[in-house]
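Peer 1: Build me a model from this:
(2 chains)
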Number of protein chains: 2
Amino acid sequence: MGMHVRSGDGPTLTQDFARFIAGLRFDDLPEKTVHAARRGVLDWLGCALAASRHPTLDRLIAVLRENGASPQSSVLARRLKLSALDAASVNGQMGHLLDYDDTHMGGVVLHASSPILAALLAAAERSAVSGRELIVAYVAGFEAGVRIGQSSPGHHAGGWHLTGTLGTFAAAAACGRLMKLDAQQLTHALGIAGTQAAGMQQNRGTMCKSFHAGRAASNGLLAARLAQQGFDSSEEIVEGKRGFSRIYSATALPERMTAGLGREWQIDGNGHKPYACGVVLHPAIDAMISLGRMPGVVAERTERVALSVHPLVVSITGNAAPASGLHSKFSLHHSAAVALLDGDAGVAQYTDERAADPRVIALRGKIEVSVDERLQRDQAAARLTIDGTTHEVFIEHASGTVGNPMSDEALRTKFMANALPAIGEPAARRVVEIAGTLERLEDVRTLIAECTG
Amino acid sequence: MGMHVRSGDGPTLTQDFARFIAGLRFDDLPEKTVHAARRGVLDWLGCALAASRHPTLDRLIAVLRENGASPQSSVLARRLKLSALDAASVNGQMGHLLDYDDTHMGGVVLHASSPILAALLAAAERSAVSGRELIVAYVAGFEAGVRIGQSSPGHHAGGWHLTGTLGTFAAAAACGRLMKLDAQQLTHALGIAGTQAAGMQQNRGTMCKSFHAGRAASNGLLAARLAQQGFDSSEEIVEGKRGFSRIYSATALPERMTAGLGREWQIDGNGHKPYACGVVLHPAIDAMISLGRMPGVVAERTERVALSVHPLVVSITGNAAPASGLHSKFSLHHSAAVALLDGDAGVAQYTDERAADPRVIALRGKIEVSVDERLQRDQAAARLTIDGTTHEVFIEHASGTVGNPMSDEALRTKFMANALPAIGEPAARRVVEIAGTLERLEDVRTLIAECTG
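Peer 2: All right, here's what the predicted structure looks like:
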């Protein structure tokens, strides 16, 4: 459609960013970044497989089948193929469904892999794509999602679910790179993606929360495919006068989109969750698990627990009496109670049954929460009283954060526990092997085939 | 998923609204409202048919076909069927593509029929739906789109394209009513729709602008179908703490959603466009056409034109040198020039060729625009100087607004001009006949069949 009206001459920030993505090569990536990508793929596949039988997905799949989706791309662990756009929807929702997938906390709260990898796998199934190409596209998606988020610092506080909004940009950039779009097409892919960016925090605790991740995957892939066909958009979707940074955020810092490009890699800051719930809860869970391991502490005989947390924890997860498994993933009281009772906060601790468990409910009532402004987001303190004795713990960096990452071994253990029920041990072991040497994989469909169930 | 956390007891505003929609019957509607629906269907079909061959749609259709869309619902005037969700996308974009479709200006700037009717026709093609059922669903969609917009008074100024955002709610409510969802399912349909609401004004003048309408249609239909399957959402998507009215608008008046429900019908305030461009331009176009008809006025010999407009006109359409046909639909200078030259501002005045026409460009340069704060949105004033003589005109109410509506006869004439090239005269005449007695139609597929080309 020729040129678009904008302020100033020369390329826009979005065009600069798109040119970088279009030119990105595997050899540009440090080993550390490639390693983060290997870890990301393995962990995300496990989180998706663990959720693959969830009844929420049955409802989505029923609608997509009624719509006549043709068999192009695999739904994980369901021996089912849907159209590429629909498979991206289902797998994206699957990956985020248990709130167990990775989290980037660098100026955003973004679960980037669900939208990015669901879109990339759906696209990769249609033609041979190498492990290296997948890694480059995955890294590109992280650059888009995190950087556009950092360009819009008021975005999370504004009430949006960033995995939906930023995830759409991330999936579009990733797919655009995989499809080898040129810089102009990538600019339009970002413009078409941004104009579909959606997902409200109002829907936290409902089926819509993970739906956001699936829609971001599908809409991002759609954006890249439209751009490939010559569909156009604004060329300054992020920085424009009515662009993303202005209308989705009370403050705009669009220059963050390109600052340090090629020197810092956003996927390096990705965190993996040891617990299957909202990431802000993790420091408190660490604290409760530590308390539970102390000599003399017995969960049922606990008199009271005083828990101090960062203010954001209470604003996001202040629901003291969650009515369902999905809601319990955003309940500080529930999470603290199950962590003390079970010494864990995995998939089994966030079912509808556990949310209604009388032992959990009784313990919930003994937990007193207070906000401490001095705490960092990845810190928590707890004091437990039992038989007149007080036990205290302070968590400096929650496990799974950049300051205290899960080890490769812990990630493999998490993956095996997640994957086993869905695809069995032999396939799960082969996925660990393939993901661990992802840059040597000739065709990503080999990996997908192990995950179809 | 059981109950959701919210402030207060009893039904939420969104639930109250959903209950109203679920209970709405044809006999509840005054004749005036039914008449507005008949007019709306006829005019929207014409606008869609006029755009049916536009190359933008070729690009969208190519992507949807690559995705393996199955033949369920008709794309208008293309002898093509896609899946219901994909047909809704294409027809919704088609309806809005020429910026010729209806506009509701009651506290919103909403082109409601493109998302609503594209979604309803796609849904209606799958099973027998009567004209009365279509009318009730169409009216329900207007109630949702306009009322949720009025609940969020800062929404347009915030930078969103309301036909995308509010259109998603509108399409979901309309489809939910057509599918006879109960009040709880309709509440969830609105929640699933709202969490997909998107579309940025940043994309004005690009292919994405009309894409918003198509996506709203498709995503709204998807929301209704998911809700029918038991997919859930927040039960206060509009009024909640992080609901639509709070995060998409600087001010929130959620009680507007239900005030006067059943007494005022929003479709009654729908306006139909005599000109194929942004509605804010219409008063200025009226003024230029009037000047062009005055004795002694010859467009090419004009020395200068002083045009006074409402401030919003300049902020939305201040592009004095549009580079394409789509951009020219949001150019005050272009619109004023073609209106004076041709005495019209229809489809033929907004092509790529006319945007580059030297006669238009020469005349554009003679037009001086000033903002007059005292003018209403539907008013404009113009003073033309030629051969030392000055001609003046003041437009009190632009044609096509509620204060100066297009007559039924003028709407039929507009429809015939729009429809003829796409479906030929016999079919166009039959559509006029069917739409004029829509409440007597037994099966909406009879109407669709006339529009398949």
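
Peer 1: Assign a three-state SS to A:A381, would you?
Peer 2: Here A:A381 is strand, with the state taken from DSSP: H, G, I helix; E, B strand; the rest coil.

Peer 1: Which residue, other than its chain neighbours, is closest to it?
Peer 2: A:S308 (4.3 Å; C-beta to C-beta, 6 or more residues apart in numbering or on different chains). To be clear about C-beta, it is placed using only N, CA and C from the backbone, and glycine gets the same treatment.

Peer 1: And that neighbour, which helix or strand is it part of?
Peer 2: strand A:304-309 (DSSP states H and E).

Peer 1: Can you find the helix or strand in chain A with the smallest mean pLDDT?
Peer 2: Least confident helix or strand of chain A, by mean pLDDT, DSSP states H and E, is helix A:311-317 with a mean of 86.

Peer 1: What residues sit buried inside that one?
Peer 2: Neighbour-count burial for helix A:311-317, counted by 16 or more other C-beta atoms under 10 Å in any protein chain shown, picks out A:V313, A:I316, A:T317.

Peer 1: contacting residues around the residue nearest to the second one when sequence neighbours are not counted?
Peer 2: In this structure, A:I316 finds its nearest non-sequential neighbour in A:V280, 5.5 Å apart by C-beta to C-beta, 6+ apart. Shown in contact with A:V280 (C-beta atoms under 8 Å, 6 or more residues apart in numbering or on different chains): A:H310, A:L312, A:V313, A:I316, A:T317, A:R377.

Peer 1: give me every residue that touches the fourth one.
Peer 2: Think A:I316. Taking C-beta under 8 Å, 6+ apart, one finds A:R204, A:G278, A:V280, A:F330 in contact with A:I316.

Peer 1: do the same with the fifth one
Peer 2: With contacts taken as C-beta under 8 Å, 6+ apart, A:T317 has the following neighbours: A:G278, A:V280, A:L281, A:F330, A:S331, A:L332, A:S335.

Peer 1: Can you report phi and psi for the last one?
Peer 2: With angles defined as degrees, to the nearest 10, A:S335 sits at phi -60, psi -40.

Peer 1: any idea how far the residue nearest to it when sequence neighbours are not counted is from B:T33?
Peer 2: Nearest residue to A:S335, sequence neighbours excluded (C-beta to C-beta, 6+ apart): A:L281, at 4.6 Å. Using C-beta to C-beta, to the nearest Å, A:L281 is found at 51 Å from B:T33.

Peer 1: quick one, which of these two is more surrounded?
Peer 2: Taking neighbours as other C-beta atoms under 10 Å in any protein chain shown, A:L281 and B:T33 compare with A:L281 leading, 28 against 18.

Peer 1: any idea how far A:V402 is from the more buried one?
Peer 2: 17 Å.

Peer 1: which one is A:G107 nearest to, not counting chain neighbours?
Peer 2: With sequence-adjacent residues excluded and distances taken as C-beta to C-beta, 6+ apart, A:G107 is closest to A:Q150, at 4.3 Å.

Peer 1: isn't the one you found right next to A:R256, touching?
Peer 2: Yes: with contact defined as C-beta atoms under 8 Å, A:Q150 counts as touching A:R256 (4.3 Å).

Peer 1: hmm, back to that, and the residue nearest to A:I316, how far from chain B?
Peer 2: Distance, A:V280 to chain B, by C-beta to the nearest C-beta, to the nearest Å: 15 Å.

Peer 1: List phi and psi for that residue.
Peer 2: With angles defined as degrees, to the nearest 10, A:V280 sits at phi -70, psi -20.

Peer 1: Could you identify the most distant pair in the contacts of A:T317?
Peer 2: By the measure C-beta to C-beta, A:V280 and A:S331 form the most distant pair in these, at 11.6 Å.

Peer 1: Please report the distance of A:L411 from chain B.
Peer 2: Separation of A:L411 from chain B (C-beta to the nearest C-beta): 31 Å.

Peer 1: what about the strands in chain A?
Peer 2: A:73-75, A:80-82, A:103-104, A:270-271, A:304-309, A:367-371, A:380-386, A:389-395 (DSSP state E).

Peer 1: what residues are up against the residue nearest to A:D43 when sequence neighbours are not counted?
Peer 2: Leaving out its chain neighbours, the residue that sits closest to A:D43 by C-beta to C-beta, 6+ apart is A:H272, at 5.0 Å. Residues near A:H272 by C-beta under 8 Å, 6+ apart: A:R39, A:D43, A:D102, A:G400, A:P405, A:M406, A:L411, A:K414.

Peer 1: Sketch out the low-pLDDT regions of the stretch 301-450 of chain A for me.
Peer 2: Residues of the stretch 301-450 of chain A meeting the criterion pLDDT under 70: none.

Peer 1: Can you report how many residues lie near the residue in the stretch 251-400 of chain A that chain B sits nearest to?
Peer 2: Across the stretch 251-400 of chain A, the shortest distance to chain B (C-beta to the nearest C-beta) belongs to A:A323, at 4.5 Å. Residues within reach of A:A323, counting by other C-beta under 10 Å, total 18.

Peer 1: Verify the contact between it and A:A355 for me.
Peer 2: Yes: in terms of C-beta under 8 Å, A:A323 counts as a neighbour of A:A355; the distance is 6.8 Å.

Peer 1: need the contact list for A:A84.
Peer 2: A:Q72, A:S73, A:A122, A:A123, A:E125, A:R126, A:L221, B:N67.

Peer 1: For the fourth one, give me its contacts.
Peer 2: The one in question is A:A123. When contacts are counted by C-beta under 8 Å, 6+ apart, A:A123 touches A:S73, A:A84, A:A88, A:V129, A:C175, A:L178, A:M179, A:L221, A:A224.

Peer 1: With distance to B:G194 and pLDDT added, can I get the residues you listed in a markdown table?
Peer 2: Formatted as a markdown table, the contacts of A:A123 follow (distance: C-beta to C-beta, whole Å; pLDDT from 0 to 100):
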| residue | distance to B:G194 | pLDDT |
| --- | --- | --- |
| A:S73 | 28 | 97 |
| A:A84 | 26 | 97 |
| A:A88 | 22 | 98 |
| A:V129 | 36 | 97 |
| A:C175 | 26 | 98 |
| A:L178 | 31 | 98 |
| A:M179 | 31 | 98 |
| A:L221 | 23 | 98 |
| A:A224 | 26 | 98 |
